[in-house]
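# Quick one, what's the 3D model for this:
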Amino acid sequence: MDFRMDKSSYAMIVFMLATMAYFILQGGNGAINGVGYLQVAGFAILSVLAIVAVASIPVLIYCYFVKKIPDIDYSINVAMAFTVVGIISEFI
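Have a look, this model is predicted:
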C-alpha cells in the first residue's frame, strides 16, 4: 500500500476531523470545559482513523480484483464519501 498522500487528501482529513468534532460537540449540549475539548479532539481523531480503516477494506478488495496497487488516497476518498453520506443523513 502506498502511504504518500495528495494535498487534497490532507484537506479531506481536516474536513472530516472538523465534522466529527462538530457533531461530538453538538451531542455535548455546549456544557464542556477545557478538558472536554481535549476529549472531543481525541474522539474526533479516533473516529476519523476508524472511518479510514474501515474504508480501506473495500479499497483493498477492489484493488485486488482490478490488479491495481492500493493507495491511501483511495481509502480517504471512500471515507470522505461515508462522511458526506453521514452529514446528509443527519440533516434529513
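
# how about the residue positioned nearest the centre of the chain, what does it touch?
Centroid check for the chain by C-alpha atoms, centre = their mean gives residue 48 as the closest residue, at 3.5 Å. By C-beta atoms under 8 Å, 6 or more residues apart in numbering, the contact list for residue 48 reads 13, 16-17, 20, 79. Bear in mind the C-beta positions are built from the backbone N, C-alpha and C, glycine included.

# Can you tell me which of the residues you listed has the largest number of neighbours?
residue 79 (24 neighbours; other C-beta atoms under 10 Å).

# In terms of helices and strands, where is it?
Assigned by DSSP states H and E, residue 79 belongs to helix 72-91.

# what mean pLDDT would you report for that helix?
Computed over helix 72-91, the mean pLDDT rounds to 92.

# For that helix, buried residues please.
72-80, 83 (16 or more other C-beta atoms under 10 Å).

# quick check, nearest of these to residue 64?
residue 74 (12.4 Å; C-beta to C-beta).

# Surely the closest one touches residue 60?
No. Applying C-beta atoms under 8 Å as the test, residue 74 and residue 60 come out as separate, 9.2 Å apart.
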